[in-house]
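1. Show me the folded form of this:
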Amino acid sequence: MNDSQVTPEKSVAEAPPEASKAADWRFRWHEIIFEADTPKGKAFDIGLLVTIVASILIVMLQSVTTINQEYGKILNIADWVITIGFSIEYALRIACVRRPWRYIFSFWGIVDLLSVLPSYVALVIPGSHYLSVVRVLRLIRIFRIFKLNSYIQESRVLLEALKAARPKIVVFLLVVMSLILVMGTTVYVIENFADDSSEFTSIPKAIYWAIVTITTVGYGDIAPQTVLGQTIAAIAMILGYAIIIVPSGIFSVEIIAASKAQTNTQVCPTCTKEGHDDDASYCKYCGSKL
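-> Prediction:
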């Protein structure tokens with residue numbers, strides 16, 4: 001009976017160190033890879049930024065024919081070394097977060113994946129490795145590394161404002177699209193009724209004209225010839241200014257609302273999101289302890 005009591009106690013006592021060791025490993029790597037407040041984390045991020053700049057320069061040099069002919073092999077090897085390094089880094093980022101799928105489908109997770117994907121796709125589709133310049137998006141992390149908090153705060157305010165304004169902007173765009181469809185179709189009917197040889201040969205082409213006109217781009221490759229058609233074109237041009245004014249007003253209101261929130265650069269170890277309030281102890285997105 002004593003043995004049966006002792007054995008479970010041993011198994012319970014032995015389990016935590018292993019779990020603790022795994023959690024410890026994950027925590028250490030999370031601090032290095034995701035945080036920029038520690039010496040190791042800052043050194044890692046600075047090294048990462050230097051590597052990103054080098055990789056972009058390599059891709060640019062590969063597109064220069066004379067340089068590529070002379071140093072193509074060296075540049076290709078360097079590009080693959082960097083790609084493999086980024087691949088390992090991407091795998092480590094997935095391994096050291098509590099919920100990998102949240103990181104994988106987050107904005108930074110997608111950017112990190114796209115930074116390595118073109119080189120592998122180039123094995124099947126030649127030339128696609130030039131798309132590796134998407135790595136430049138990762139340079140945005142420079143604001144976190146050098147603690148340019150004012151820039152971080154402003155970028156976060158813009159993102160929060162965009163999220164908050166999204167429903168209103170979607171409704172506005174649906175109204176604009178409906179207006180474009182009606183105007184394009186109306187001009188198509190008017191112009192073809194007046195002249196069978198009109199430049200408005202189809203409704204899609206008329207819609208293209210309406211988009212170009214209402215956005216005040218005005219390529220001039222196609223234009224109505226009738227008085228009524230030109231009147232509709234004039235109305236579309238005037239309405240075009242509303243396309244700029246209305247979304248700007250919506251966005252401005254949301255920016256004012258978002259700028260009132262005080263946030264920091266703390267990264268949640270579970271969902272990898274940041275932008276928490278200064279006094280927050282738990283993640284406002286997934287509820288995990290910060």
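2. what helix or strand does residue 158 sit in?
-> Applying DSSP states H and E as the criterion places residue 158 in helix 149-194.
3. Check residue 103 too.
-> Here residue 103 is assigned to helix 100-104, by DSSP H and E.
4. elements contacting that helix?
-> helix 65-95, helix 107-121 (3 or more C-beta pairs under 8 Å, 6 or more residues apart in numbering; DSSP states H and E). Where C-beta positions appear, they are placed from N, C-alpha and C, glycine not excepted.
5. So for it, what gets flagged as buried?
-> 102-104 (16 or more other C-beta atoms under 10 Å).
6. what stretches of this protein score poorly on pLDDT?
-> 1-23, 36, 141-155, 258-266, 270, 272-279, 290 (pLDDT under 70).
7. What backbone torsions are found at residue 282?
-> The phi/psi pair for residue 282 (degrees, to the nearest 10) reads phi -130, psi 150.
8. quick one: the nearest residue to residue 172 once chain neighbours are set aside from residue 96, how far?
-> The spatially closest residue to residue 172, leaving aside those adjacent along the chain, is residue 246, at 5.8 Å (C-beta to C-beta, 6 or more residues apart in numbering). Computed as C-beta to C-beta, to the nearest Å, the residue 246 to residue 96 distance reads 44 Å.
9. So between these two, which is more surrounded?
-> Using other C-beta atoms under 10 Å, the more surrounded residue of residue 246 and residue 96 is residue 96, with 21 against 15.
10. wait, the more buried one sits on residue 24?
-> No - checked against C-beta atoms under 8 Å, the pair residue 96 and residue 24 is beyond contact range at 11.1 Å.
11. separation between residue 70 and residue 132?
-> Note on residue 70: its distance to residue 132, by C-beta to C-beta, is 21 Å.
12. okay, these two: which has more neighbours?
-> Taking other C-beta under 10 Å, residue 70 and residue 132 do not tie; residue 132 has more neighbours (26 against 11).
13. Could you tell me how many residues sit around the residue lying closest to the more buried one once chain neighbours are set aside?
-> Distances taken as C-beta to C-beta, 6+ apart place residue 118 nearest to residue 132, at 4.6 Å, with adjacent residues excluded. Residue neighbour count, defined by other C-beta under 10 Å, stands at 20 for residue 118.
14. can you tell me which residues contact residue 118?
-> Residue 118 makes contact with 128-132, 134, according to C-beta atoms under 8 Å, 6 or more residues apart in numbering.
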